[in-house]
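Undergrad: What follows is a predicted protein model with its sequence.
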Amino acid sequence: MQRVGARPTDDVCQTKSIMIHEFFQLLSGWSSLDTAIAGSAALTAMSCALPGAWLVLRKHSMMGDALSHSALPGVVMAFLFAVSMKQAGWISEAQKDAFLQVFLFVGAVVVGVGTAWLTEWVQRLGRLDSGASLGVVFTAVFALGLLLIRLDVDDVHIDVDCVLFGIIETAALQTVPGTSIPEPVLVNGAIFLINLLLMVLFYKELKLAAFDPGLATSLGIPARGIHYGLMAVTAMTVVAAFTTVGSILVIGLLIIPAATALMLSERLKVVLALSVGVAALSAVLGHVLTLTLPRMIFSRLGYPTIEDAGTAGMMSVTAGMLFLAALFLSPRHGVISKLIHRLRLGQKIAGDDILGLLFRFEEQTAIRPTDITVPDLVAKQNGISPWLMSLSVRRLLRGDYVSRQTTGELILTERGRESAKSLVRAHRLWEAYMAKHFELPDDHLHETAHRVEHFIDDDIQNRLQTELESPEMDPHGKSIPEKTEP
Amino acid sequence: MTVAYHRRPVIWDIDYDAPAGELIAIVGPNGAGKSTLIKAALDLVPKVSGEVHVFGQPYEEQRSRVAYVPQRTSVDWDFPVSAQDVVAMGLYGKIGWFWPVSRKWRKEAREALDRVGLADFARRQISQLSGGQQQRVFLARALVQQADLYLMDEPFAGVDAATERAILQVLRDLRSTGKTALVVHHDLQTVADYFDHVLLLNMRLVASGPTTEVFTEENLRRTYGGRLALLDQVGTRLAEGQ
């Protein structure tokens, strides 16, 4: 592949295109089983995202952790019951599965309500915080479940690995009798639809009980009932997700999509819809990456190719990556938007400082130096980096606040003068205000006023002026510029 | 009425009959049980003994005639809803289960926001409101309930002057339409100006009646002059002994 004389960038480009090529080649092996796995994963994730979003909104995220752990004994008991009923000859092998489903469902509801109730009880009686009491309850109940698995009653073999991490690849192979629909698609899809229906029906009540349970109660809407109901639904969803993703990874599916959605929107309906979308995306993308990434990376590192990297695990990793992306890109809380905001503010302040200084030259309260340009002087005085300063100067020139003379000196335009006047006015009004209300020597006023002046708009200027009874001079005896009427 | 936390009574044997159609201040030092009194009246915390009647009927039957303004800090203001959404919550009892908040109700919510001077903030996410504006949103939420009795927990706490005026105006409007308001109030300077009646509380009812008669230096000394040592001691015994 290495051509003689090829530049290194060509090499990089080529590697990139090879990787993209390999990526699609690996994907071209996509089979109906892959569709079944991705579909099962997506529906599982979507079913978890809805109750999970409410847990996060109610600041009960830890409850998801607790429920997924304490569901274990419920699941094991359901198996034990179903199997021993069959062994006792009460039900046939065919009936066993149906009974098992019912037991699992009942077990989930008991676990959900039971965990919530037990946690509150421990919290009240032990006077512990909710985190501690959750820790007490769910670890104890989870351990009980592990012990029950060890019972190993005859033909009940519950694989611990499978319970903890799920067996989505195998589960997707099982089809509903008489159809080609994979079993998890039916089960988790049904749970998703049930959850969706419940959340649509009780949207208003869930919202109120989450935001202000006190008001809910005083309106006759049972906030506690809704709390327990949500716990039961969550537990049911979690138990249904055990086969596909297991009891550990399901915690991520409950919490991460909602946490991601909350980064991106401040509207509840959008947050809920986004949670479901993020869940589906992380499932499908997770499976795509399972098929491609390990082979592409491990073969390059010289390790043997891994045939079977778990989709369930990759799904959670992908969800985590999406969260990270949202954390950076979020419009309001995002790292990038904060950086941009700070940059803009820095630019404005640097520009303001130039305008203020030029204005003071004009009114001759400051003397223009001959050995240094104005931007350099402002940058030096305020510790502003040269590149931010040059950005600010460009902004001032572009906005027609200043113009550059043939000598290279900056002078105020009419527009710039107005803006500068308002700024100096804000500065001196604030000094006068501080001199009136603060016990401070006069030479301590400038620095604060310099920091605050950028944030004092016309409205506050007017209020300062009224409060100070229209002063003409600031405490240093400099005149406060009149406001120009528009 | 007696209310206890962890079996230690917080308020003892309150027997109070609020005069209808008046603005009543609940005044007392920190830990006097002011909020607890309101919460217990609304069944938000369990009572050890006692009962609450509203306009002659048990409270349970009169829920819709009572509106509650909790302390601003009692909820999470980062919750992803708008001011209008929060105000509409006051209507959920009327809208009933399952039904969505229709245009008619949204309009009512906006009108209530207008009454507290926040018409322009209806679509604003609540975390972007100032503390005073948040308090006014709570007030608007109580207004849409069109109740006859309003229970408010420190609505004047830490608010700006504009909000203080807005709340006071609403209170006076309520009184002029024959409504009753019981307001936990912490600012002794303004009690006489704002309220007709006063209820002085410090673990027990110290005094109650028209502000002009009851809000005296002597009564205030009794209310604020420390907790009753014996009451505290017996309370501790109760908490340990049972």
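TA: Arrived safely. Nothing here was measured: the structure is a model prediction, and the numbers come from that model.

Undergrad: From here on, just use CA atoms for contacts and neighbour counts.
TA: Fine.

Undergrad: Where does the prediction get shaky in chain A?
TA: A:1-12, A:152-158, A:304-309, A:485-486 (pLDDT under 70).

Undergrad: For it, what lies in contact range of chain B?
TA: A:57, A:201-205, A:208, A:211-212, A:214-215, A:217-221, A:262, A:265-268, A:271 (C-alpha under 8 Å from any C-alpha of the partner chain).

Undergrad: Can you tell me which helix or strand of chain B has the lowest average pLDDT?
TA: Among the helices and strands of chain B, strand B:3-5 carries the lowest confidence by mean pLDDT, DSSP states H and E, at a mean of 66.

Undergrad: Identify the residues contacting B:Leu168.
TA: B:Tyr194 (C-alpha atoms under 8 Å, 6 or more residues apart in numbering or on different chains).

Undergrad: Check which helix or strand it maps to.
TA: helix B:161-176 (DSSP states H and E).

Undergrad: list the buried ones in that helix?
TA: By 16 or more other C-alpha atoms under 10 Å in any protein chain shown, the buried positions in helix B:161-176 come out as B:Thr163, B:Glu164, B:Ala166, B:Ile167, B:Leu168, B:Val170, B:Leu171, B:Arg172, B:Leu174, B:Arg175.

Undergrad: Ramachandran coordinates for the closest residue to chain B within the stretch 51-200 of chain A?
TA: Residue of the stretch 51-200 of chain A nearest chain B, by C-alpha to the nearest C-alpha: A:Leu57 (7.0 Å). Backbone geometry at A:Leu57, expressed as degrees, to the nearest 10, gives phi -60, psi -30.

Undergrad: Isn't it up against A:Leu208?
TA: No. Counting by C-alpha atoms under 8 Å, A:Leu57 does not reach A:Leu208; the two are 11.3 Å apart.

Undergrad: that's a strand at B:Asp43, yeah?
TA: No. Counting by DSSP: H, G, I helix; E, B strand; the rest coil, B:Asp43 falls outside a strand, being coil.

Undergrad: Chain neighbours aside, what residue packs nearest to it?
TA: A:Ser218 (7.6 Å; C-alpha to C-alpha, 6 or more residues apart in numbering or on different chains).

Undergrad: cool, A:Gly286 as well?
TA: A:Met315 (4.2 Å).

Undergrad: what sits against whichever residue of chain A sits closest to chain B?
TA: Among the residues of chain A, A:Glu266 lies nearest to chain B; the distance is 4.5 Å by C-alpha to the nearest C-alpha. Contact analysis of A:Glu266 by C-alpha under 8 Å, 6+ apart lists B:Phe79, B:Pro80, B:Val81, B:Gln125.

Undergrad: Am I right that it is in a helix?
TA: No. Going by three-state DSSP, the assignment for A:Glu266 is coil, not a helix.

Undergrad: Torsion angles phi and psi at it?
TA: The phi/psi pair for A:Glu266 (degrees, to the nearest 10) is phi -120, psi 20.

Undergrad: And the residue nearest the centre of chain B?
TA: B:Met152 (1.7 Å; C-alpha atoms, centre = their mean).

Undergrad: That one contacts B:Val184, doesn't it?
TA: Yes. Counting by C-alpha under 8 Å, B:Met152 does reach B:Val184; the two are 6.2 Å apart.

Undergrad: quick one, what contacts whatever residue of chain B ends up closest to chain A?
TA: At 4.5 Å from chain A, B:Pro80 is the closest residue in chain B, using C-alpha to the nearest C-alpha. Taking C-alpha under 8 Å, 6+ apart, we find B:Pro80 in contact with A:Leu262, A:Ser265, A:Glu266, A:Arg267, A:Leu268, A:Val271, B:Gln125, B:Ile126.

Undergrad: what's the burial count for the spatially closest residue to the second one that is not a sequence neighbour?
TA: So that's A:Ser265. Nearest residue to A:Ser265 in three dimensions, chain neighbours excluded: A:Val271, at 5.9 Å (C-alpha to C-alpha, 6+ apart). Around A:Val271 there are 23 other residues, counting by other C-alpha atoms under 10 Å in any protein chain shown.

Undergrad: I appreciate the help and will end here.
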